[in-house]
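Student: Kindly return the folded structure for what I paste below:
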Amino acid sequence: MRFVQFLLHGERKLGLERGNDGDIVDLCAGDRRIPTDLRSFIEGGDKNLKFAENLVEERECVLSRDSVRIVAPILNPEKVLCVGMNYRDHCEEQNAPVPEEPVVFNKFPSCIIGPTDDLEYPTETRKLDWEVELAFIIGKAGRHIQEDDAMKHIFGFTVALDVTARDWMKGENGGQVLLGKAMDGFCPLGPAIVTKDEIDDPHNLGIRCKVNGVIKQNSDTNQLVHKSAAIIAHISRFITLKPGDVILTGTPPGVGIARKPPEFLKRGDVVQCEIDCLGKIINRVV
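Tutor: Numbers count the residues shown, from 1 in each chain. Okay, here's the model as predicted:
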């Protein structure tokens with residue numbers, strides 16, 4: 001299933017996308033058992049999934065995609081965690097060693113915006129960069145999760161743009177990356193969260209980023225150094241993962257800071273991030 005959140009007449013609802021960029025099945029139509037937000041839906045466990053399956057089978061309430069506004073597929077996770085330097089060739093382009101363990105930092109729920117929302121250029125930076133990433137959403141809570149069991153804790157996958165203020169990652173804020181990664185709006189997500197059963201192999205998907213129609217990043221998730229199960233096992237050694245938590249897995253080569261000469265986003269630029277089977281997000285810098 002491909003879960004989306006959308007606005008209809010100003011009201012937020014939960015729905016299913018009928019294929020990539022397809023029309024929307026309104027899960028909230030006439031059934032109060034279905035929460036109107038995805039985090040609550042995930043927290044409800046298997047019974048909510050069964051409700052959704054039955055609704056689709058019994059009586060679809062289908063809305064034209066053009067009649068609704070698709071928003072971020074999840075807006076209120078407890079945590080947004082990220083893994084850095086997780087593509088070998090991305091490490092090489094920055095002359096950095098390949099990490100033996102996942103390098104973890106965080107964003108905040110306030111970073112999340114929708115798949116077509118405008119990305120506001122903060123006045124505090126002059127070096128705004130793009131990073132397309134595969135993200136996954138936790139479906140089942142856990143601590144000290146074993147790698148062999150880790151994939152059972154994933155609800156689904158989505159596309160993320162890890163927006164980065166490079167000048168606030170290097171030289172500012174005492175060398176801490178937080179402010180360079182966690183400004184408001186720095187995590188566009190979407191358009192859908194695609195459940196695991198819809199994807200043959202999440203670690204064998206083409207992943208691309210275009211700026212103004214020009215390809216800047218073009219790789220495959222099979223190039224990830226630490227894949228999703230290893231990331232979950234590592235993070236859960238230290239932090240309890242909760243349903244709805246969002247984890248970004250890292251970006252491939254082609255980021256602006258590593259280009260010669262370096263390139264950075266400008267107001268008016270359009271950034272398109274796309275992953276095979278998952279869909280695309282398109283955000284204009286304003």
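Student: And the longest helix seen in the chain, what does it pack against?
Tutor: Longest among the helix segments of the chain by residue count, using DSSP state H, is helix 46-58. Other elements packing on helix 46-58 under the criterion 3 or more C-beta pairs under 8 Å, 6 or more residues apart in numbering; DSSP states H and E are helix 38-43. C-beta: built from backbone N, CA, C; applies to glycine.
Student: Val62 against Leu27, yeah?
Tutor: No: between Val62 and Leu27 there is no contact under C-beta atoms under 8 Å: 11.3 Å.
Student: The two: which is more packed in?
Tutor: Between Val62 and Leu27, counted using other C-beta atoms under 10 Å, the more crowded position is Leu27 (25 against 15).
Student: doesn't Leu8 make contact with the more buried one?
Tutor: No: with contact defined as C-beta under 8 Å, Leu27 does not reach Leu8; the gap is 11.9 Å.
Student: Look at Pro109 and report its pLDDT.
Tutor: In this model, Pro109 is scored at 98, pLDDT.
Student: Next, it: phi, psi?
Tutor: Backbone torsions for Pro109, taken as degrees, to the nearest 10, come to phi -50, psi -30.
Student: quick one: it from Asn222, how far?
Tutor: Taking C-beta to C-beta, to the nearest Å as the measure, Pro109 falls 30 Å from Asn222.
Student: who's more crowded, those two?
Tutor: Pro109 (17 against 12).
Student: ok, back up a step: given the following helix or strand past the longest helix of the chain, what are its sheet partners and their directions?
Tutor: In the C-terminal direction, the helix or strand that comes right after helix 46-58 (DSSP states H and E) is strand 62-63. When pairing is defined by DSSP bridges, strand 62-63 lines up against strand 24-26 (antiparallel).
Student: For the partner strand, give the mean pLDDT please.
Tutor: The average pLDDT for strand 24-26 rounds to 93.
Student: Distance from the chain centre to it, please.
Tutor: 21 Å (C-alpha atoms, centre = their mean, to the nearest Å).
Student: Other residues contacting it?
Tutor: Strand 24-26 is contacted by residues 4, 6, 8, 13, 15-18, 55-56, 60-65, 68, 70 when judged by C-beta atoms under 8 Å, 6 or more residues apart in numbering.
Student: same deal with stretch 68-75?
Tutor: 3-8, 12, 15, 24, 37-39, 109, 112-117, 137, 158, 188-193, 244, 246.
Student: start to end distance for that stretch?
Tutor: One end of stretch 68-75 to the other measures 17 Å (C-alpha to C-alpha, to the nearest Å).
Student: related to what we said a few turns ago, of the contacts of strand 24-26, buried ones?
Tutor: Buried subset of the contacts of strand 24-26 (neighbour count, 16 or more other C-beta atoms under 10 Å): 4, 6, 8, 13, 15-18, 55-56, 63, 65, 68, 70.
Student: Just these: which are in strands?
Tutor: In this view, these that belong to strands under DSSP state E are 4, 6, 8, 13, 15-17, 63, 70.
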